[in-house]
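*Asks:* Pasting the sequence and the predicted coordinates here, then a few questions.
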Amino acid sequence: MTRPRATFAMSSGSLVPQFFRPDLLDELRRHADVDTRLVLTELDSDAARRTLAATEILLAGWGAPVLTRADDAPRLRAVVYAGGVAATCLEDPRGLAARGVRAANARAANAVPVAEFALAMILLSNKAVYRAERMYRERRALFDRATELTDTGNHRCTVGIVGASTIGRALIRLLRPFDLDVVVYSPELTPALAAELGVRAAGLDEVMAAGDVVSLHQPLTPETTGQIDARRLALMRDGATLLNTARGAVVDHEALLAELRSGRIRAVLDVTEPQPLPPGSPFFALPNVVLTPHVAGSMGGELHRIGESVVAEVARFGAGEPFAHPERLDEA
């Protein structure tokens with residue numbers, strides 16, 4: 001069987017070795033005719049157009065140039081994206097879908113480290129680890145945990161999850177071994193899906209009020225922008241933690257700042273609005289906030305999981321099989 005012609009398109013050639021170990025590149029070459037040293041960072045030059053004209057599979061990644069002229073890729077049959085949404089590098093995804101172009105993404109692969117990060121933050125927050133660390137650092141002596149760190153621990157705590165997204169569902173699976181009650185709000189969460197996931201479905205207000213930790217996993221849309229507003233933050237129980245690994249803009253940051261300044265709740269923020277926060281942001285000085293610089297997603301060796309997903313999808317395409325993680329370009 002003739003191997004399909006594939007081409008990399010990313011913001012930088014340095015991304016390819018970050019995603020693909022040498023053995024993955026060898027495996028990729030077994031399934032596709034690809035020059036692993038060639039990465040298109042722009043599509044407007046004559047050289048790029050000549051490459052696109054022969055390309056059957058576009059292996060796109062973070063910061064990929066947008067394919068604005070579909071006619072420049074007349075042989076294109078598939079887009080495999082080393083990231084969350086293949087349509088981000090296509091100006092007319094529906095037009096390409098009508099032409100028979102298929103797409104796959106590595107959203108499920110990238111969901112794994114985010115879910116792992118969220119799990120770790122939930123367990124550590126309920127255990128009051130960050131408060132204990134600050135107290136120990138400041139006092140440089142042991143203290144009475146029974147009187148100074150009350151209502152801590154994970155046994156029978158409630159985790160509220162907003163958004164049964166790919167990441168939200170991955171987190172739910174990771175939470176199963178623990179003695180935690182999980183309550184979820186998501187517009188697409190039917191009773192059947194809730195039963196399948198082993199969680200209790202509830203309205204957003206109830207989830208905000210019930211969680212010892214409320215973990216955000218909704219997409220950023222016009223409907224979810226500012227969704228976690230002053231009213232909903234006020235519903236959170238005293239001492240609860242808001243965990244955001246979704247998008248900064250789903251939270252009203254002024255309202256969150258007011259609640260945090262009161263000392264009533266806590267927050268773990270891997271994403272903010274804006275991102276990054278300005279150096280003078282008051283969030284940096286608050287003792288009840290853990291700020292991380294958008295590190296929940298794939299980093300270092302975790303990127304190889306994305307590379308493995310891409311290679312596996314190319315192998316399926318070459319074998320005439322459906323993608324394991326397809327993306328509907330006609331719905332983009």
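*Replies:* The structure has been received and is ready for your questions.
*Asks:* Look up the closest residue to residue 263, ignoring the ones flanking it.
*Replies:* Spatial nearest neighbour of residue 263, excluding adjacent residues (Cβ to Cβ, 6 or more residues apart in numbering): residue 288 at 6.3 Å. For the C-beta atoms, the positions are set from N, CA and C on the backbone; glycine is no exception.
*Asks:* Residue 262 is in contact with the one you found, correct?
*Replies:* No: between residue 288 and residue 262 there is no contact under Cβ atoms under 8 Å: 9.6 Å.
*Asks:* between these two, who's got more neighbours?
*Replies:* Ranked by neighbour count (other Cβ atoms under 10 Å), residue 288 and residue 262 place residue 288 first, with 18 against 10.
*Asks:* thinking again about what came up before, quick check: the residue nearest to residue 263 vs residue 252, distance?
*Replies:* 18 Å (Cβ to Cβ, to the nearest Å).
*Asks:* for the record, mean pLDDT for the helix or strand containing residue 196?
*Replies:* Secondary-structure element containing residue 196, defined by DSSP states H and E: helix 191-197. Averaging pLDDT along helix 191-197 yields 95.
*Asks:* Could you check how sure the model is about the following helix or strand past it, as an average pLDDT?
*Replies:* Next along the chain after helix 191-197, taking DSSP H and E as the criterion, comes strand 200-201. If you average the pLDDT over strand 200-201, you get 98.
*Asks:* Going along the chain from strand 200-201, find the next helix or strand for me.
*Replies:* Next element after strand 200-201 (DSSP H and E): helix 204-210.
*Asks:* Could you tell me which other helices and strands that next one packs against?
*Replies:* With contacts taken as 3 or more Cβ pairs under 8 Å, 6 or more residues apart in numbering; DSSP states H and E, helix 204-210 sits against strand 157-162, strand 180-185, helix 230-235.
*Asks:* And the next helix or strand past the first one?
*Replies:* Just to be clear, that refers to strand 157-162. Downstream of strand 157-162 (by DSSP H and E), the next one is helix 166-175.
*Asks:* same question, the last one
*Replies:* For helix 230-235, the following helix or strand on the C-terminal side (DSSP H and E) is strand 241-244.
*Asks:* list the helices and strands that following strand packs on?
*Replies:* Short answer (3+ Cβ pairs under 8 Å, 6+ apart): strand 241-244 packs on helix 107-126, strand 213-216, strand 266-269.
*Asks:* buried residues in the lengthiest strand in the chain?
*Replies:* The single longest strand within the chain, with elements called by DSSP state E, is strand 33-40. For strand 33-40, the neighbour count (16 or more other Cβ atoms under 10 Å) marks 34, 36, 39, 40 as buried.
*Asks:* what about the nearest residue to residue 148 once chain neighbours are set aside, which helix or strand?
*Replies:* In space, residue 148 comes closest to residue 135 once its chain neighbours are excluded; the distance is 7.2 Å by Cβ to Cβ, 6+ apart. Residue 135 is part of helix 129-139, with elements assigned from DSSP H and E.
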